[in-house]
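> Just a sequence and a predicted model for now, questions to come.
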Amino acid sequence: MMLLPAIFTLDIGGRPILAFEAKNLRESQQLCHEHWLRRDIAGLTSNGAPLWDGKARLRARRSTEGEIAVYREAVRDAGQPQEDLLLAYLVKLDALEAVPDQT
């Protein structure tokens, strides 16, 4: 019997931030410890506030129906099967500022 991946939500300080697929809760919780994710979310802002201050607790949990709907819409918008991990943000992200070319 093959289990399909489930949808999980990453909470930061109790606030739902992004949804993603994982095989199980243990695998979803491992994402909270990934350095690349911590670096990425520390550099993103929503309404002018950083998504993560580097101190708040990161916690993975099963997604609610509404969060699953947002994730499924992001998958549809991606337009093709994702080989990489797809992160569907549940908060509106501020625009990323262009970094000047240093050449």
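Structure received.
> For the residue nearest the centre of the chain, give me the backbone phi and psi.
What sits nearest the mean C-alpha location of the chain, by C-alpha atoms, centre = their mean, is residue 18, with 3.3 Å. In terms of degrees, to the nearest 10, the main-chain angles of residue 18 are phi -150, psi 160.
> who does it bridge with?
Residue 18 has these beta-bridge partners by DSSP bridges: residue 10, residue 89.
> So it sits against residue 10, correct?
Yes: contact criterion C-beta atoms under 8 Å: residue 18 and residue 10 qualify, at 5.1 Å. Quick note: C-beta positions are derived from backbone N, CA and C, even for glycine.
> Quick check: buried residues in stretch 15-24?
The neighbour-count criterion (16 or more other C-beta atoms under 10 Å) identifies 16, 17, 18, 19, 20, 21, 22 as the buried residues of stretch 15-24.
> From residue 43, how far out is the residue nearest to the centre of the chain?
14 Å (C-beta to C-beta, to the nearest Å).
> ok, now which ones touch the residue nearest to the centre of the chain?
9, 10, 41, 87, 88, 89, 90 (C-beta atoms under 8 Å, 6 or more residues apart in numbering).
> Excluding chain neighbours, what is closest to the last one?
Read it as residue 90. Closest residue in space to residue 90, ignoring its immediate chain neighbours: residue 16 at 4.9 Å, by C-beta to C-beta, 6 or more residues apart in numbering.
> Please, which helix or strand holds the one you found?
In this structure, residue 16 sits in strand 15-22 according to DSSP states H and E.
> From the contact counts, what lies against whichever helix or strand comes after that strand?
Counting by DSSP H and E, the next helix or strand C-terminal to strand 15-22 is helix 25-31. Other elements packing on helix 25-31 under the criterion 3 or more C-beta pairs under 8 Å, 6 or more residues apart in numbering; DSSP states H and E are strand 6-12, strand 15-22, strand 58-62.
> List the contacts of the first one.
Outside strand 6-12, the residues within contact range by C-beta under 8 Å, 6+ apart are 16-25, 28, 31-32, 41, 51-52, 56-64, 67-68, 71, 90.
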